[in-house]
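Here's my sequence, what's the structure:
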Amino acid sequence: MQHVGFLLYPGFQIMSLAAVSAFEFANIELEEKVYEVHYLSEHGGPIANSLGMAMETEAFGDLALDTLIVAGAPGIRLPNAAETDFVRAALPATRRLASICTGAFFLAEAGILDGRRATTHWYVSRELQSRYPKIKMEEDRIFIIDGSVWTSAGMTAGLDLALAMVEKDQGIEVARAVARMLVVYHRRAGGQSQFSALLELEPKSDRIQKALAHARSNLKSALSVEELAEAAHLSPRQFSRAFRAETGQSPAKAVENLRLEAARLMMEQGRHPIDVVARETGFADRERMRRAFLRAFGQPPQAIRRAALQELQM
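Below you'll find the predicted structure:
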């Protein structure tokens with residue numbers, strides 16, 4: 001059993017505890033208690049969260065933790081001396097040390113983020129970089145893993161981080177099952193929302209999974225039924241029949257959805273010309289990609305990019 005500690009303090013943002021759900025549902029999915037969660041604070045006892053509700057906590061001590069996660073605050077909250085010492089001591093003592101949202105300031109104050117890649121909520125990312133210039137800040141990421149140190153962006157990104165921990169510990173199938181129970185995507189790519197084509201397909205056989213993995217890794221190719229069937233080691237007729245039976249879609253429709261997923265991510269990141277996006281994701285030209293976006297999202301690629309940029313600026 002792995003012991004996961006959440007470091008809490010007066011006024012911590014209650015949404016930080018959404019991450020607990022990933023560990024809770026992993027226990028439910030596995031039908032055994034693989035995670036035990038502990039709520040920790042300097043002196044123990046009741047700690048009021050951002051809404052004034054009290055959480056009962058254990059005092060810092062010698063509890064052997066596998067993972068320590070520092071909760072975020074509604075604004076910037078720097079740790080006191082005892083909290084700083086506790087976080088610093090956790091680096092060599094735990095397998096993973098993590099922060100949610102502005103909890104990154106705790107790790108930074110302890111010197112743990114010096115020279116490491118890290119992220120935090122976009123609203124305070126420049127302040128974190130200014131206060132601690134040795135951090136390799138990446139403000140457009142959902143979460144970042146640098147060695148044993150994990151940092152996440154906003155509060156909901158803490159759930160993405162916890163799901164990734166479950167995936168590393170228990171495997172991708174358990175993480176997917178937990179994500180389904182929580183009605184969230186099991187993995188959000190990049191810094192924006194994920195349009196998860198593979199999650200929707202969920203093929204059962206290894207052969208169809210291999211074909212989809214081949215497709216996702218070779219989006220610039222034509223990805224004909226013959227090519228996908230070869231990757232699955234089936235005849236084209238057998239492949240088409242098995243693919244539809246397992247996914248409920250034709251191979252052509254699934255390939256288009258994979259192209260859309262990749263193209264939308266590239267558009268949301270706002271770094272590539274539209275012609276380049278179309279070419280890299282296999283749409284061949286921008287007009288074909290525009291028509292696919294309109295069918296799938298009801299908006300052209302440019303509108304998707306504008307909305308993503310506006311969201312980052314909010």
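
what's near enough to touch A59?
Residues in contact with A59 (CB atoms under 8 Å, 6 or more residues apart in numbering) are 40-45. Yep, even glycine has a C-beta here, placed from its N, CA and C like the rest.

So which of those residues are in strands?
Secondary structure defined by DSSP state E assigns 40-41, 45 of those to strands.

Please spell out the PyMOL selection for the buried subset of those residues.
Buried members of the ones in strands among the contacts of A59, defined by 16 or more other CB atoms under 10 Å, are picked up in PyMOL with:
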select buried, resi 40+41
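
I'd like to know which of the ones in strands among the contacts of A59 is nearest to A82.
S41 (9.8 Å; CB to CB).

Now do the contacts for the closest one.
Residues near S41 by CB under 8 Å, 6+ apart: 7-9, 47, 57-60.

Find the nearest non-adjacent residue to N27, please.
K33 (5.3 Å; CB to CB, 6 or more residues apart in numbering).

element containing that neighbour, please.
Of the helices and strands defined by DSSP states H and E, none includes K33.

The closest residue to A252 other than its chain neighbours: neighbour count?
Nearest residue to A252, sequence neighbours excluded (CB to CB, 6+ apart): V225, at 7.7 Å. By other CB atoms under 10 Å, the residues close to V225 number 17.

Distance of V225 relative to A254?
Here V225 is placed at a distance of 11 Å from A254 (CB to CB, to the nearest Å).

Y39 too?
Y39 is 44 Å from A254, by CB to CB.

count of residues packed around R290?
Neighbour count of R290, defined by other CB under 10 Å: 17.

Tell me which residues touch it, please.
R290 touches 300-301, counting by CB under 8 Å, 6+ apart.

what secondary structure does it sit in?
Secondary structure, DSSP: H, G, I helix; E, B strand; the rest coil: R290 is helix.

Quick check: it vs V183, distance?
Noted for R290: a distance of 31 Å to V183, by CB to CB.

First-to-last residue distance for stretch 137-151?
End-to-end distance for stretch 137-151, by CA to CA, to the nearest Å: 11 Å.

what is the rounded mean pLDDT of that stretch?
Regarding stretch 137-151, the rounded mean pLDDT is 87.

in that stretch, what counts as buried?
Under the neighbour-count criterion of 16+ other CB under 10 Å, stretch 137-151 has 137-144, 146, 149-151 buried.

Which strand residues bridge Y35?
Beta-bridge partners for Y35, by DSSP bridges, are Q2.

For the stretch 151-300 of the chain, just list every one of the strands.
With DSSP state E, counting those that start in this stretch as the definition, the stretch 151-300 of the chain shows no strands.

Give me the below-cutoff pLDDT ranges for it.
The stretch 151-300 of the chain contains residues with pLDDT under 70 at 185-202, 269-270.

50 instead, please
189-195 (pLDDT under 50).

Can you show me the strands along the stretch 1-150 of the chain?
Secondary structure of the stretch 1-150 of the chain (DSSP E, counting those that start in this stretch): strands at 2-7, 35-41, 45-48, 54-59, 67-70, 96-99, 117-118, 136-137, 143-146, 149-152.

could I get those as CSV with distance to R264?
Output for the strands of the stretch 1-150 of the chain, formatted as CSV (distance: least, CB to CB, whole Å):
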stretch, distance to R264
strand 2-7, 33
strand 35-41, 33
strand 45-48, 41
strand 54-59, 38
strand 67-70, 30
strand 96-99, 28
strand 117-118, 25
strand 136-137, 25
strand 143-146, 20
strand 149-152, 22
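
Looking at these, which is nearest to E261?
Across those, E261 has its closest neighbour in strand 143-146 (19.3 Å, CB to CB).

Summarise which helices and strands the closest one is packed against.
Where contact means 3 or more CB pairs under 8 Å, 6 or more residues apart in numbering; DSSP states H and E, strand 143-146 is packed against strand 117-118, strand 149-152, helix 157-170.

V70 and F105, how far apart?
Counting by CB to CB, the gap from V70 to F105 is 9 Å.

go on, I69?
Applying CB to CB to I69 and F105 gives a distance of 14 Å.

more crowded one of the two?
I69 (30 against 24).

residues in contact with that one?
By CB under 8 Å, 6+ apart, I69 lies in contact with 4-7, 19, 98-100, 103, 158, 162.

what sits against A104?
Neighbour list for A104: 70, 113, 118-120, 128, 151 [criterion: CB under 8 Å, 6+ apart].

mind redoing it with 7 Å?
For A104, the contacting residues are 113, 118, 120, 128, 151, by CB atoms under 7 Å, 6 or more residues apart in numbering.

Reformat these into TSV and put distance to F86 next to each item.
Converted to TSV, the contacts of A104 look like this (distance: CB to CB, whole Å):
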residue	distance to F86
L113	16
A118	19
T120	20
L128	20
T151	17
